[in-house]
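Trainee: have a look at this prediction, sequence included:
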Amino acid sequence: MSSNTQPLPKPLATLPKTPTGISGLDEVTLGGLPTGRPTLICGSAGCGKTLFSLEFIVRGAQEFNEPGVFIAFEEKADELATNVASLGFDLNKLQQEKKIKVDYIHIDKSEIEETGEYDLEGLFIRLGYAIDSIGAKRVVLDTIENLFAGLSNQAVLRAELRRLFQFLKDKGVTAIITGERGDSSLTRQGLEEYVSDCVILLDHRIINQISTRRLRIVKYRGSVHGTNEYPFLIDEEGISVLPITSLQLNKPVSSERVSSGIAALDAMLSKGGFFRGSSILSSGTAGTGKTSLAASFVDAACQRNERCLYFAFEESPMQIVRNMQSIGMNLQAHVDKGLLQFHASRPTLYGLEMHLVAIHKAIRKFKPQVVVLDPITNLITVGTMSDVKAMLVRLIDFLQAEQITAMFTALSLNTIINEQTDEGVSSLVDAWLQIKDIELNGERNRGLYVMKSRGMSHSNQVREFVITEEGLNLIDVYLGPEGVLTGSAREAQMLLEETGQVLHTHAISRKDRELLRKRRVLESQIDSLKTQFESTEEELNKVYIEEQIKRDVMEQTRQKVTEIRRGNTSADKDKNGKAGKNKK
């Protein structure tokens with residue numbers, strides 16, 4: 001029997017990749033650099049090529065147990081060790097442990113005489129020895145322009161470049177080769193990007209006097225990769241790359257509630273608080289208490305033993321801690337316990353992308369449950385509103401993916417433009433609290449209301465927002481004859497109503513006493529009439545009784561008289577009978 005079934009095709013082998021250990025880069029490259037293949041890192045001066053490649057070597061030795069060789073053509077080994085010591089990398093110690101090997105090769109253009117027999121055989125011997133001496137898996141050549149500085153023959157240059165790349169592949173090492181950016185090509189020679197399996201372009205640009213470093217993967221043979229520009233940050237812990245957040249809206253959600261820190265505000269929300277992992281915007285004019293509201297939210301979270309990150313763009317941490325003490329919040333206690341961490345900086349310190357990288361990095365390191373940005377409107381000083389909104393979209397996506405509850409404060413002015421700005425930012429968040437000034441009778445009070453809260457019903461009333469020494473509170477809506485009353489007008493109306501109530505109670509009490517007295521008089525009169533009635537009734541009964549007694553006595557007397565008469569008659573008869581016998 002013949003069978004029509006054909007064997008299934010074997011799955012294609014995926015390209016093996018070597019993780020770089022650089023924060024965020026492995027996410028962009030979907031695993032790292034191509035294993036056993038050369039990668040070109042190119043860019044202009046000062047964009048971070050040397051630090052980038054050096055961190056690749058150090059991270060490989062420290063985190064992945066892959067020894068590395070760093071061949072420098074510009075800086076000596078001791079200079080490199082000094083330059084990267086600020087990043088926490090100890091090159092001397094790693095060399096002593098034979099985890100890395102740093103070799104400096106001096107090449108002087110004036111000493112090179114171009115001949116038809118020029119080749120890199122000497123470099124291959126030296127590089128091969130360095131690789132074999134420590135069993136290196138990673139190699140860096142920094143920079144390739146110095147290696148070919150004396151060559152002008154393009155045919156020789158191309159041949160030697162291909163020989164170099166093939167040599168690295170034959171050794172089975174994952175290599176990074178750095179190159180200076182050319183005028184019309186990615187590198188000065190314009191050849192390296194064509195023979196490299198992976199090309200990464202670094203860029204350092206200045207916009208509005210603010211520097212921003214960006215990274216872009218120009219090509220990656222045999223692998224899917226991110227194609228956007230990604231900001232990266234160089235700080236005391238090395239390089240951090242911020243991947244662009246995925247545009248797919250498939251983030252997890254939670255039905256758990258978290259308290260705002262104000263019981264009355266929780267009562268305005270049908271669920272008794274905000275959803276965990278949601279984003280909340282608190283907007284209002286200057287002095288309405290936005291920072292106090294955010295601090296109350298943080299204080300409540302810390303009391304639940306949740307970790308909180310507070311990014312301040314306007315006040316220093318000491319200012320915030322001191323100011324919150326005046327309303328009964330001891331934030332320093334949470335800082336001492338390690339539950340609260342402040343990150344304060346002026347918006348002009350970085351560009352928007354750098355702020356985003358710094359926030360990502362701090363969140364990854366501290367792993368908070370609650371994050372506060374106060375205020376986000378200060379970021380407009382380093383970018384347009386559309387740029388700030390784009391940054392916040394990516395930040396909110398990241399926070400939601402991590403199930404972190406975030407509160408943003410925003411300064412709004414009484415202008416149409418800023419109202420539109422609020423609406424632009426507020427469309428990104430899940431809940432929006434707005435605090436407004438209420439000016440009445442020469443007083444300035446605060447009113448808070450919930451503009452929106454996705455996924456739950458909420459009160460549509462305006463509550464008076466009160467800041468006292470005992471904390472924050474929302475007072476119930478008080479309606480007077482002239483409408484909603486706040487501040488001293490509310491107190492005066494309440495006092496007036498209390499006075500009227502007292503007078504009303506006093507009047508009722510006086511009337512009650514008068515009624516009581518009248519009742520007693522009437523009861524006394526009734527008692528007197530009852531006494532008179534009883535006396536009259538007794539008099540009437542007395543006559544009746546006397547007459548009855550008289551009748552009874554007369555009846556008794558009559559009966560006695562009758563009996564007496566009957567007795568006398570019998571006696572007379574007896575006497576008459578005896579007298580007749582005597583006569584006979």
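Mentor: Looks like it came in fine. Numbers count the residues shown, from 1 in each chain.
Trainee: in stretch 376-388, what's buried?
Mentor: Taking 16 or more other CB atoms under 10 Å as the basis for neighbour counts, the residues of stretch 376-388 that come out buried are Ile376, Thr377, Asn378, Leu379, Ile380, Val382, Gly383, Val388. (Each C-beta comes from the backbone N, C-alpha and C, glycine too.)
Trainee: then stretch 70-79?
Mentor: Along stretch 70-79, these residues count as buried under the neighbour rule (16+ other CB under 10 Å): Phe70, Ile71, Ala72, Phe73, Glu74, Ala77.
Trainee: mind listing what the closest residue to the last one other than its chain neighbours touches?
Mentor: Meaning Ala77. Closest residue in space to Ala77, ignoring its immediate chain neighbours: Val102 at 4.2 Å, by CB to CB, 6 or more residues apart in numbering. The neighbourhood of Val102, defined by CB atoms under 8 Å, 6 or more residues apart in numbering, consists of Val69, Phe70, Ala72, Ala77, Leu80, Ala81, Leu91, Gln95.
Trainee: return the member of the residues you listed nearest to Ala175.
Mentor: The shortest separation between Ala175 and any of the contacts of Val102 is 9.3 Å, and it belongs to Val69 (by CB to CB).
Trainee: from the centroid of this protein, which residue is nearest?
Mentor: Most central in the chain under CA atoms, centre = their mean is Ala406, positioned 1.9 Å from the mean C-alpha point.
Trainee: on the three-state scheme, that one is what?
Mentor: strand (DSSP: H, G, I helix; E, B strand; the rest coil).
Trainee: sorry, back to before: go through the buried residues of stretch 70-79 and flag which are in helices.
Mentor: Members of the buried residues of stretch 70-79 lying in helices (criterion: DSSP state H): Ala77.
Trainee: confidence-wise, which of the contacts of Val102 comes last?
Mentor: Across the contacts of Val102, the bottom pLDDT score, 84, is held by Ala77.
Trainee: wait, that residue touches Tyr104, no?
Mentor: Yes: between Ala77 and Tyr104 there is a contact at 5.5 Å, judged by CB atoms under 8 Å.
Trainee: and the closest residue to Glu402 other than its chain neighbours, what element?
Mentor: For Glu402, the nearest residue in space outside its immediate sequence neighbours is Ile363; the separation is 7.1 Å by CB to CB, 6+ apart. Per DSSP states H and E: Ile363 is located in helix 352-366.
Trainee: returning to what we had before: mind listing which of the buried residues of stretch 70-79 are in strands?
Mentor: Secondary-structure check on the buried residues of stretch 70-79 using DSSP state E: residues within strands are Phe70, Ile71, Ala72.
Trainee: isn't the last one up against Ile105?
Mentor: Pointing back at Ala72 there. Yes: counting by CB under 8 Å, Ala72 touches Ile105, with 7.3 Å between them.
Trainee: Asn473 should be in a strand, yeah?
Mentor: Yes: read with three-state DSSP, Asn473 is one of the residues of a strand.
Trainee: regarding His204, what is its secondary structure?
Mentor: strand.
Trainee: which residues sit in contact with it?
Mentor: Neighbouring residues of His204 by CB under 8 Å, 6+ apart: Gly43, Ser44, Gly46, Cys47, Gly48, Ser211, Thr212, Arg213, Arg214.
Trainee: could you export those residues as a markdown table, including neighbour count?
Mentor: Below are those laid out as a markdown table (neighbours: other CB atoms under 10 Å):
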| residue | neighbour count |
| --- | --- |
| Gly43 | 24 |
| Ser44 | 14 |
| Gly46 | 10 |
| Cys47 | 23 |
| Gly48 | 20 |
| Ser211 | 12 |
| Thr212 | 20 |
| Arg213 | 23 |
| Arg214 | 20 |
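Trainee: looking at the residues you listed, which are in strands?
Mentor: With strands taken from DSSP E, the overlap with these comprises Gly43, Ser211, Thr212, Arg213, Arg214.
Trainee: for the residue nearest to Thr291 when sequence neighbours are not counted, give me its contacts.
Mentor: Excluding the flanking residues, the one nearest Thr291 by CB to CB, 6+ apart is Asp374, at 5.7 Å. The contact partners of Asp374, by CB under 8 Å, 6+ apart, come to Lys290, Thr291, Ala294, Tyr310, Phe311, Ala312, Phe313, Glu314, Glu315, Phe408, Thr409.
Trainee: tell me which element the fifth one falls in.
Mentor: It stands for Phe311. Assignment of secondary structure by DSSP H and E places Phe311 within strand 308-312.
Trainee: circling back to that earlier point, beta partners of the residue nearest to Thr291?
Mentor: Listed beta-bridge partners, Asp374: Ala312 (assigned using DSSP bridges).
Trainee: how close does it sit to Tyr350?
Mentor: Counting by CB to CB, to the nearest Å, the separation of Asp374 from Tyr350 is 17 Å.
Trainee: and if you look at Thr531?
Mentor: When CB to CB is the yardstick, Thr531 and Tyr350 sit 103 Å from each other.
Trainee: which of those two has more neighbours?
Mentor: With neighbours defined as other CB atoms under 10 Å, Thr531 and Tyr350 compare such that Tyr350 has more, 19 against 10.
Trainee: can I get the contacts of His204 in TSV with pLDDT and distance to Trp432?
Mentor: Rendered in TSV, the data for the contacts of His204 read as follows (pLDDT from 0 to 100; distance: CB to CB, whole Å):
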residue	pLDDT	distance to Trp432
Gly43	85	42
Ser44	83	44
Gly46	80	43
Cys47	85	40
Gly48	85	40
Ser211	73	34
Thr212	77	30
Arg213	82	34
Arg214	85	33
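Trainee: reformat those as CSV; add distance to Leu265.
Mentor: As requested, the contacts of His204 are arranged in CSV below (distance: CB to CB, whole Å):
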residue, distance to Leu265
Gly43, 50
Ser44, 52
Gly46, 50
Cys47, 48
Gly48, 46
Ser211, 41
Thr212, 39
Arg213, 42
Arg214, 41
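Trainee: the helix or strand bottoming out on mean pLDDT in the chain: what's the following helix or strand?
Mentor: The helix or strand with the lowest mean pLDDT-type score in the chain, counting by mean pLDDT, DSSP states H and E, is helix 416-426 (a mean of 51). Sequence-wise, the next helix or strand beyond helix 416-426 is strand 431-440, with elements assigned using DSSP H and E.
Trainee: return the set of buried residues in the helix or strand following that following strand.
Mentor: Counting by DSSP H and E, the next helix or strand C-terminal to strand 431-440 is strand 443-453. For strand 443-453, a neighbour-count test (16+ other CB under 10 Å) marks Asn445, Arg446, Gly447, Leu448, Tyr449, Val450, Met451, Ser453 as buried.
Trainee: nearest to Glu27, of the residues you listed?
Mentor: Relative to Glu27, the closest of the buried residues of strand 443-453 is Ser453; by CB to CB it sits at 33.1 Å.
Trainee: related to what we said a few turns ago, which strand or helix spans the residue nearest to Ala77?
Mentor: Following DSSP H and E, one finds Val102 within strand 100-104.
Trainee: list the contacts of the following helix or strand past that strand.
Mentor: Scanning forward in sequence from strand 100-104, with DSSP H and E defining helices and strands, the next element found is helix 121-134. Helix 121-134 is touched from outside by 67, 69, 71, 98-101, 103, 105, 136, 139, 147, 163-164, 167, 171, 173, with contacts defined as CB under 8 Å, 6+ apart.
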